[in-house]
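Novice: A predicted structure for the sequence below; I have some questions about it.
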Amino acid sequence: MSKFASIQIDPAIVSRAAKGDARAHEILYRAFATPVYSLCLRFTRVPAHAEDLVQETFIEVMRSIGGFRGEAAIGSWIRRIAVSKALMFLRSAWTSRGQSLADDWEDLTPGDASNLGVSRHPDDAMDLDSALANLPDVSRAVIWLHDVEGFTHKEIAQMMGKTESFSKSQLSRAYQRLRPMLSQAADAHGIAAGAMRSS
């Protein structure tokens, strides 16, 4: 579950922030800066870039909060802004490297990604962070948005300017790439645990 969903903010604070109250702005920043940073770091893998994106996110939050209608939780709204900033950063990085969102994803992987054998239980993923870091930017972004942040394929497709099939195929391929990495990590963990027991 996304960390954003667990943060409760008094609607009066949001109302004051919408009117330009600096103290209310600070309360929002303090409440959401850590999950925004965490999300941005997952996308960029570089702390300095994630910190820049936190600043960009909150500049946008303060600039746009007057138009916040309250139809969703404030955390969901801020999360969408952070995701948008992170995706814009990745698009810029892909462009500067002469790549596009479609690179390395020419063929679709048939079948339901949930049937590819990757456990969703944290105990089974011995080093999920390391495995995710080894994925290409696009697949890492999609798996994080879908499995952790809870976005649907339709929402991910809209944010990336692609089709739902594109999002589904990337998630499927990401699972395929993660499975051997997590399997190796689990095997290594089992060997180390066995060695400790025998010593």
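Specialist: Ah, there it is.

Novice: what's the neighbour count on the residue nearest to residue 9 when sequence neighbours are not counted?
Specialist: In space, and not counting its chain neighbours, residue 9 is closest to residue 74: 5.2 Å by C-beta to C-beta, 6 or more residues apart in numbering. C-beta coordinates here come from the backbone N, C-alpha and C atoms, glycine included. Neighbourhood size, residue 74 [other C-beta atoms under 10 Å]: 23.

Novice: Same check on the one 4 residues further on?
Specialist: Each residue near residue 78 was counted by other C-beta under 10 Å, and the total is 27.

Novice: go on, residue 28?
Specialist: 22.

Novice: if I look at it, how far off is residue 41?
Specialist: Counting by C-beta to C-beta, to the nearest Å, the gap from residue 28 to residue 41 is 20 Å.

Novice: now swap in residue 24 and tell me
Specialist: Distance from residue 24 to residue 41, counting by C-beta to C-beta: 26 Å.

Novice: higher neighbour count, those two?
Specialist: Just comparing residue 24 and residue 41: by other C-beta under 10 Å the higher neighbour count belongs to residue 24, 21 against 17.

Novice: wouldn't that one be in contact with residue 17 here?
Specialist: Yes: Residue 24 is within contact range of residue 17, at 3.8 Å (criterion: C-beta atoms under 8 Å).

Novice: Let me know the pLDDT of residue 122.
Specialist: With respect to pLDDT, residue 122 scores 39.
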